[in-house]
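> how would this look folded up:
(one chain, ligands or ions: 1)
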Amino acid sequence: MLFRQLFHQESGTYTYLLGCEESKKATIIDPVLENSQQYLKLIEQLDLNLSMAIDTHTHADHVTALGELRDLTGCTTVMGEHSKADCVSKTVGDGDVLEIGSIELKCLYTPGHTNESFSFVSGNRVFTGDVLLIRGSGRTDFQGGDAGASWDSIQGKLFTLPEQTLVYPAHDYKGWTVSSIAEEKRHNPRLTGKNRQQYIDIMNNLDLPDPKMMDIAVPANLRCGRSS
Ligand code: FE
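Below you'll find the model as predicted:
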């Protein structure tokens with residue numbers, strides 16, 4: 001499998017490109033509108049065809065490229081079944097498996113950061129969106145976020161994956177690029193040695209400002225990033 005991690009500096013967003021070398025089919029996870037041309041160039045340079053674009057959740061800090069990539073390539077757009085973005089062409093439920101050539105992506109419903117967040121497992125990699133970050137976890141104070149649900153998703157689903165599974169989040173702000181389930185079990189300051197109530201107390205007292213782009217990004221993303 002071809003695998004690339006891309007970064008959108010302004011929002012600290014990671015985007016992932018997965019390509020099947022036999023079928024030449026590719027999928028992209030959490031693409032950012034401003035970087036669409038970069039993705040398309042890379043896809044062309046790697047001799048791939050984009051067949052699917054996926055958002056782990058409705059982002060509040062950047063505008064998604066799902067609609068643009070669909071319009072330019074005809075790819076399928078995918079989100080979890082609880083998303084309010086009815087612009088997507090396909091929704092997935094917990095346990096569903098997406099196939100992109102020989103690549104399989106298992107869909108895990110992992111609410112908490114938002115009530116519609118999904119994670120995606122492919123082999124020894126998990127794409128966690130903003131539910132589980134590296135040495136952190138996604139805020140739970142808007143878009144149906146729920147600290148208890150976040151704990152349950154992380155402990156009950158993500159931390160039951162094999163320990164060597166590599167963790168690829170949708171964001172990082174501190175220079176981390178990849179972690180593992182084992183590392184996050186042992187070294188995540190919000191989770192390690194904490195119980196559910198302690199985690200809820202931490203998350204409910206983060207007191208973070210709203211993302212700068214929120215008022216623009218959320219409505220735009222409910223239209224897959226298109227202006228109308
Ligand atoms: Fe988010």
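
> strands of this structure, start to end?
Taking DSSP state E to define them, one finds strands in the chain at 2-8, 13-19, 25-29, 49-54, 76-80, 90-92, 97-100, 103-109, 118-122, 125-129, 132-133, 136-137, 166-169, 179-180.

> in the chain, where is pLDDT below threshold?
Judged against pLDDT under 70, the low-scoring parts of the chain cover residues 228.

> centroid-nearest residue for it?
Gly129 (2.7 Å; C-alpha atoms, centre = their mean).

> hang on, that one packs against Tyr14?
No - judged on C-beta atoms under 8 Å, Gly129 makes no contact with Tyr14 at a distance of 10.1 Å. All C-beta spots, glycine's among them, are computed from the backbone N, C-alpha and C.

> okay, His8 and Ser119: tell me how far apart.
Per C-beta to C-beta, to the nearest Å, His8 is found 20 Å from Ser119.

> between the two, which is the more surrounded one?
Remark: of His8 and Ser119, Ser119 carries more neighbours, 28 against 20, as counted by other C-beta atoms under 10 Å.

> tally of neighbours for Met1?
15.

> quick one, what contacts the nearest residue in space to Leu133 that is not next to it in sequence?
Counting by C-beta to C-beta, 6 or more residues apart in numbering, Leu133 lies nearest to Pro169, which is 4.6 Å off, once chain neighbours are set aside. Pro169 makes contact with 14, 127-130, 132-134, 179, according to C-beta atoms under 8 Å, 6 or more residues apart in numbering.

> type out the ChimeraX command that picks the buried ones from those residues.
With 16 or more other C-beta atoms under 10 Å as the criterion, this ChimeraX line picks the buried residues out of those:
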select :14,127,128,129,130,132,133,134,179
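
> out of the contacts of Pro169, which is nearest to Cys107?
Nearest to Cys107 among the contacts of Pro169, counting by C-beta to C-beta, is Phe127 at 10.4 Å.

> list the beta-bridge partners for the closest one.
Phe120, Tyr168 (DSSP bridges).
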